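Asks: here are the coordinates; sequence isn't available:
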């Protein structure tokens, strides 16, 4: 085999390896990874005496500011034990779309742009109880109890 043949063979292997690495990189960049906006939120509603508050309305609001331009909400009623349960809220997005969304947020809103997840609960709809709010802090378990005060 000539020197030119060996160089050509090495060059083909190098290009094949490079093409494989490029395809792998594309897959990683385009794969829609899942992110949790807020984990499952199981909540008990009680009044200031510790008594359960059944049937009160609870609305969960959530949005991942980096990946979504609008928020979501779902309303439920507490059961007879004053408990309400919301499932985990997740979203899927690729690394490429996250980078584009981040750049778009920064360009639109500047330094005040938010890129974090947000979630809150509003406990409302009772004629004898005041409205109450619970806010989720990412990286910590959601609040498990909300106290509503009598009017």
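Replies: The structure has been received and is ready for your questions. Since the structure is predicted, the reported quantities are computational estimates derived from the model, not experimental observations. Numbers count the residues shown, from 1 in each chain.

Asks: Are we agreed that residue 108 is in a helix?
Replies: Yes: using DSSP: H, G, I helix; E, B strand; the rest coil, the assignment for residue 108 is a helix.

Asks: Can you report how many residues neighbour it?
Replies: By other C-beta atoms under 10 Å, 9 other residues sit near residue 108. No exception for glycine: its C-beta is placed from N, CA and C like everyone else's.

Asks: And the residue most central in space within the chain, how close does it get to residue 115?
Replies: The residue lying closest to the centre of the chain (C-alpha atoms, centre = their mean) is residue 37, at 1.6 Å. Between residue 37 and residue 115 the computed distance is 12 Å (C-beta to C-beta, to the nearest Å).

Asks: which neighbours do these two share?
Replies: Counting by C-beta atoms under 8 Å, 6 or more residues apart in numbering, no residue touches both residue 37 and residue 115.

Asks: circling back: and the residue nearest to the centre of the chain, what element?
Replies: strand 33-38 (DSSP states H and E).

Asks: That strand pairs with which strands, and in what direction?
Replies: Under the criterion DSSP bridges, strand 33-38 sits next to strand 89-93 (antiparallel) in its sheet.

Asks: Show me what the strand it pairs with is in contact with.
Replies: Applying C-beta under 8 Å, 6+ apart, the contact partners of strand 89-93 are 32-38, 60, 62, 64, 67-68, 72, 101, 119.

Asks: Need the buried ones from these selected in ChimeraX.
Replies: Buried subset of the contacts of strand 89-93, written as a ChimeraX selection, criterion 16 or more other C-beta atoms under 10 Å:
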select :37,38,60,62,64,67,68,101,119
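
Asks: and of the contacts of strand 89-93, the nearest to residue 147?
Replies: Distances from residue 147 to those, taken as C-beta to C-beta, are shortest for residue 60 (17.8 Å).

Asks: Got the phi and psi for the closest residue to that closest one other than its chain neighbours?
Replies: In this structure, residue 60 finds its nearest non-sequential neighbour in residue 86, 4.7 Å apart by C-beta to C-beta, 6 or more residues apart in numbering. Backbone geometry at residue 86, expressed as degrees, to the nearest 10, gives phi -120, psi 140.

Asks: Residue 61 belongs to a helix, doesn't it?
Replies: No: counting by three-state DSSP, residue 61 is located in no helix; its state is strand.
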